[in-house]
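**Q** With the sequence up front, the predicted model follows.
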Amino acid sequence: MSLSTAVLRAVPGAFILNSGIGKLGMPAETAQGLQGMAAQGVPPLGRLTPEQFAKFLSYGEIAVGASLLLPFVPTRVAGLGLAAFSGSMVSMYLRTPGMTEPDGVRPTQDGTPIAKDSWLLAIAAALLLSKGRGSAKA
């Protein structure tokens with residue numbers, strides 16, 4: 001694995017893994033608030049109970065973060081996981097009222113923390129487009 005690929009995987013991987021661990025045991029009220037926003041971008045998430053959503057979110061973040069950090073996980077597989085995760089965040093950002101300016105793209109003050117996840121989508125694209133056969137050696 002090249003140094004540039006290792007950096008592209010390690011930095012978001014550590015951040016996302018830490019975020020997922022921090023969400024373990026999330027109170028139902030907190031989960032319900034996050035679920036309401038998440039369902040804007042991925043409507044089927046609204047069908048889960050807050051407890052189910054909390055587990056889905058925390059375990060999902062742990063899985064994506066770990067896949068990025070573990071060198072034996074092929075780069076393209078880790079990139080696909082990151083693309084799914086960050087794509088859902090960008091979708092939520094674009095579909096949630098009040099997150100964007102009237103042009104529908106530029107973030108409002110409230111949207112800036114979520115809009116930054118577009119960087120994760122760019123990292124995912126870089127991992128998916130990296131040279132090699134999609135192995136950990138790519």
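**A** Received it, and whenever you're ready, just let me know what you need.

**Q** If you count neighbours, what's buried in stretch 7-26?
**A** L8, R9, P12, G13, I16, L17, G20, K23, M26 (16 or more other C-beta atoms under 10 Å). (Glycine included, C-beta is placed from N, CA and C.)

**Q** Residues contacting it, please?
**A** With C-beta atoms under 8 Å, 6 or more residues apart in numbering as the contact definition, stretch 7-26 has outside contacts at 1, 34, 54, 57-69, 75, 78, 82, 85, 120, 123, 126-127.

**Q** Just the buried ones among the residues you listed, please.
**A** Members of the contacts of stretch 7-26 that pass the buried threshold by neighbour count (16+ other C-beta under 10 Å) are listed as 34, 54, 57-58, 60-62, 64-69, 75, 78, 82, 85, 120, 123, 127.

**Q** picking up where we left off before, the contacts of stretch 7-26 in strands, which ones?
**A** Filtering the contacts of stretch 7-26 for membership in strands, criterion DSSP state E, returns an empty set.

**Q** what helix or strand is the residue located most distally from the centre of the chain on?
**A** Going by C-alpha atoms, centre = their mean, the residue of the chain most distant from its centre is P102, 25.0 Å out. Using DSSP states H and E, P102 sits in no helix or strand.

**Q** Where do the helices of this structure begin and end?
**A** Listed from the start of the chain, the chain has helices (DSSP state H) covering 3-23, 28-41, 50-69, 75-95, 112-115, 118-128.

**Q** Now that F85 has come up, it's in contact with E61, right?
**A** Yes - judged on C-beta atoms under 8 Å, F85 makes contact with E61 at a distance of 7.4 Å.

**Q** would CSV of the helices of the chain with distance to R106 and mean pLDDT be doable?
**A** Listed next are the helices of the chain as CSV, based on distance: least, C-beta to C-beta, whole Å; pLDDT from 0 to 100:
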stretch, distance to R106, mean pLDDT
helix 3-23, 23, 95
helix 28-41, 18, 90
helix 50-69, 27, 96
helix 75-95, 11, 93
helix 112-115, 8, 90
helix 118-128, 12, 95
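
**Q** Test my guess that L128 contacts L80.
**A** Yes - here L128 reaches L80: they are 6.9 Å apart, a contact under C-beta under 8 Å.
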